[in-house]
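# Fold the following for me, if possible:
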Amino acid sequence: MLEESGRVVDVDSDGVWVETIKMSACASCTARSGCGQSLLASVGQGKRSVICVDNPNRLHVAADDNVVIGIGENAFMRISLLIYLLPLLALFAGAAIASSLSLGEPVVIGCGLLGLTVGLVVVRYISRTYMTSCKYHPVLLKVV
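Down below sits the predicted model:
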């Protein structure tokens, strides 16, 4: 289970609204001065986001409570693969098909972009199915 701490902003019939702050482990790393990842991590450092989470255990929470939320690792990996890998594979497939037909380079590029677009549309269609499954939603784990 991937966990993140946050603060309850509101509780309503939809669920528990939790504010999280994006933090990076780079601040405590000794290699941060020579690492490119620390530069990328600093871009969104401290950014706040509010999400609605399910409360399946019916834990009693109120506004300003500190909580821990989580999502299953398998669900996270499946969604990540869907979002990142499927459009990339579709791009390569479109370009490979056009290339195997010995078409010109502009056509190969166009077919690659067409494949990417088709991949993104398929991701959008499939993600609607995942959105209805509770397995892919973050849940409230505990009140701290």
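# Quick check: next helix or strand after the helix or strand bottoming out on mean pLDDT in the chain?
The helix or strand of the chain with the poorest confidence is helix 36-43; it has a mean of 64 (mean pLDDT, DSSP states H and E). Using DSSP states H and E, the next helix or strand after helix 36-43 towards the C-terminus is strand 48-53.
# what's the angle from the next helix or strand after that following strand to strand 48-53?
For strand 48-53, the succeeding helix or strand toward the C-terminus, using DSSP H and E, is strand 66-71. In terms of direction (axes from the mean of the first three to the mean of the last three CA atoms, to 10 degrees), strand 66-71 departs from strand 48-53 by 70 degrees.
# mind checking the longest helix of this protein?
helix 105-131 (DSSP state H).
# Name the residues of it that are buried.
108, 111-112, 114-116, 118-119, 123 (16 or more other CB atoms under 10 Å). In short, each C-beta sits where N, CA and C put it, glycine included.
# Please compute how far it lies from its chain's middle.
When distances are taken as CA atoms, centre = their mean, to the nearest Å, helix 105-131 is centred 18 Å away from the chain's centroid.
# now for that helix, which elements pack on it?
helix 86-100 (3 or more CB pairs under 8 Å, 6 or more residues apart in numbering; DSSP states H and E).
# next helix or strand past the longest helix of the chain?
By DSSP H and E, the next helix or strand past helix 105-131 is strand 139-143.
# Off-centre distance for the lengthiest strand in the chain?
As assigned by DSSP state E, the longest strand anywhere in the chain is strand 2-12. Its chain's C-alpha centre lies 17 Å from the corresponding centre of strand 2-12 when counted by CA atoms, centre = their mean.
# So which residues make contact with that strand?
16-21, 50, 61-73, 76, 138, 141, 144 (CB atoms under 8 Å, 6 or more residues apart in numbering).
# repeat that for 10 Å
Residues outside strand 2-12 that contact it (CB atoms under 10 Å, 6 or more residues apart in numbering): 16-23, 48-53, 55, 60-73, 75-77, 138, 140-144.
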